[in-house]
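Visitor: No sequence on hand, only this structure:
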């Protein structure tokens with residue numbers, strides 16, 4: 001029985017390295033500091049004028065703007081979301097919070113607002129990533145519905161799903177897609193169990209095993225095909241969400257792959273991946289993880305940039321580039337890539 005619980009937390013977790021809530025490339029960003037409070041930040045002394053709306057299309061550009069000096073605070077209902085428009089001279093930016101205030105899924109994030117190498121921006125409210133959906137509250141389900149998330153791709157294995165089945169809003173049709181990225185009985189998991197059971201294991205050894213796990217993930221890369229098929233086939237106006245149990249490892253690679261297709265730089269992809277560290281720190285003290293030595297739990301409950309970098313390096317070594325792998329193994333040729341760019345960026 002212990003193994004089942006460990007499976008739930010090993011793919012997931014995060015250490016407590018301090019980091020920002022935003023990406024370094026963002027000039028402005030919104031942070032939801034509580035269920036009802038937004039705080040707007042900026043990265044320089046630019047005197048932005050801030051406008052507000054319920055979604056990117058409903059920003060009231062004709063209203064009297066608020067001036068952003070150091071920061072701005074906005075109040076909102078717990079289940080509502082605000083979008084902000086910022087203007088300075090000829091520069092206009094639309095943004096919202098990256099991590100949505102979903103009570104029982106702390107790593108629920110929007111990939112919107114990320115810049116691509118060709119000057120485009122990933123659309124807000126189109127692509128979401130998260131962890132366990134089996135503990136959603138009533139408010140969480142309301143948010144799922146308000147964001148019109150009609151496609152959910154589940155990367156977990158059968159044991160994880162049995163332990164914590166996804167919860168969905170009633171009377172809300174969702175296309176549920178299951179594609180297990182990692183088996184529960186593979187060599188990497190056996191090695192991890194051995195490591196955890198050894199009281200002499202050091203944090204460095206734990207990091208090494210996790211990094212090795214990331215080099216193995218590309219061996220199951222074809223299992224991401226249903227993920228891309230879903231994104232290609234989703235209807236206009238529908239949002240898609242992909243998840244595993246913590247939303248950091250298998251989901252992190254899924255995010256890296258779709259952002260690669262959309263033309264986001266590897267540096268930004270790794271930075272977006274590392275944001276998970278901010279939101280899943282609690283896992284080191286949850287369930288079976290709480291019974292481990294704190295230093296080991298901290299590692300197993302964490303992500304490091306070198307982990308996803310090792311995956312990307314493995315792909316590039318084998319295929320020459322991430323794009324070549326996507327075409328060879330997942331059928332994302334140039335025509336499909338351009339279609340995805342058109343569909344998910346602006």
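Guide: Ah, there it is. All figures in this text were calculated on a predicted structure; none of them were measured in a lab.
Visitor: residue boundaries of the helices in this protein?
Guide: Assigned by DSSP state H, the chain shows helices spanning 2-10, 138-146, 158-163, 187-197, 203-216, 225-233, 250-261, 266-274, 276-279, 294-300, 305-319, 322-330, 334-344.
Visitor: helices or strands next to the longest one in the packing?
Guide: When you say that, I think you mean helix 305-319. helix 203-216, helix 250-261, helix 266-274, helix 322-330 (3 or more Cβ pairs under 8 Å, 6 or more residues apart in numbering; DSSP states H and E). In this view, the C-beta of every residue, glycine as well, is placed from N, C-alpha and C.
Visitor: distance of residue 217 from residue 224?
Guide: 10 Å (Cβ to Cβ, to the nearest Å).
Visitor: between the two, what contacts are shared?
Guide: 181, 253 (Cβ atoms under 8 Å, 6 or more residues apart in numbering).
Visitor: so residue 153 makes contact with residue 228?
Guide: No: at 9.5 Å, residue 153 does not count as touching residue 228 under the criterion of Cβ atoms under 8 Å.
Visitor: Have a look at the two and say which one is more surrounded.
Guide: Taking neighbours as other Cβ atoms under 10 Å, residue 153 and residue 228 compare with residue 153 leading, 24 against 20.
Visitor: List the beta-bridge partners for that one.
Guide: On the basis of DSSP bridges, residue 153 is bridged to residue 177, residue 242.
Visitor: Contact partners for the residue nearest the centre of the chain?
Guide: Residue closest to the average C-alpha location in the chain (Cα atoms, centre = their mean): residue 129, at 3.9 Å. Counting by Cβ under 8 Å, 6+ apart, residue 129 makes contact with 107, 108, 109, 111, 241, 242, 243, 247, 251, 254, 255.
Visitor: Distance-wise, check the third one relative to residue 175.
Guide: From residue 109 over to residue 175 the distance is 20 Å, taken as Cβ to Cβ.
Visitor: how's this structure carved up into domains?
Guide: 2-15+103-344, 24-97 (automatic domain parsing).
Visitor: any chance of these in CSV, plus mean pLDDT?
Guide: Shown next, in CSV, are the domains of the chain (pLDDT from 0 to 100):
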stretch, mean pLDDT
domain 2-15+103-344, 89
domain 24-97, 96
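Visitor: Please identify the deepest-packed of these.
Guide: Burial of these is given as mean neighbour count (mean count of other Cβ atoms under 10 Å); domain 2-15+103-344 ranks first at a mean of 19.
Visitor: distance between that one and the chain's centre?
Guide: Relative to the centre of its chain, domain 2-15+103-344 is centred 7 Å away, using Cα atoms, centre = their mean, to the nearest Å.
Visitor: Kindly report the same for stretch 93-100.
Guide: On Cα atoms, centre = their mean, the centre of stretch 93-100 falls 14 Å from that of its chain.
Visitor: Between the two ends of it, what distance do you get?
Guide: 19 Å (Cα to Cα, to the nearest Å).
Visitor: Then stretch 62-69?
Guide: Across stretch 62-69, the terminal residues are separated by 21 Å (Cα to Cα).
Visitor: ditto for stretch 23-43
Guide: The first and last residues of stretch 23-43 sit 11 Å apart, counting by Cα to Cα.
Visitor: got it, and stretch 291-311?
Guide: Start-to-end, stretch 291-311 (Cα to Cα) is 29 Å.
Visitor: same question, stretch 289-302
Guide: 12 Å.
Visitor: before we move on, what about stretch 116-128?
Guide: 17 Å.
Visitor: Then stretch 143-151?
Guide: Termini of stretch 143-151 sit 14 Å apart (Cα to Cα).
Visitor: residues in contact with it?
Guide: 79-81, 100-102, 125, 128, 136, 168-169, 172-175, 177, 230-231, 234-235, 237-241.
Visitor: how much space is there between residue 233 and residue 150?
Guide: With the distance defined as Cβ to Cβ, residue 233 ends up 11 Å from residue 150.
Visitor: Equivalent analysis for residue 292, please.
Guide: Taken as Cβ to Cβ, the span from residue 292 to residue 150 is 39 Å.
Visitor: now residue 271
Guide: 29 Å.
Visitor: Then residue 314?
Guide: Taken as Cβ to Cβ, the span from residue 314 to residue 150 is 33 Å.
Visitor: same thing with residue 138?
Guide: Distance of residue 138 to residue 150, computed by Cβ to Cβ: 20 Å.
Visitor: Columns distance to residue 21 on top of the helices and strands packed on helix 305-319, output as a markdown table?
Guide: Shown next, in a markdown table, are these (distance: least, Cβ to Cβ, whole Å):
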| stretch | distance to residue 21 |
| --- | --- |
| helix 203-216 | 24 |
| helix 250-261 | 17 |
| helix 266-274 | 12 |
| helix 322-330 | 27 |
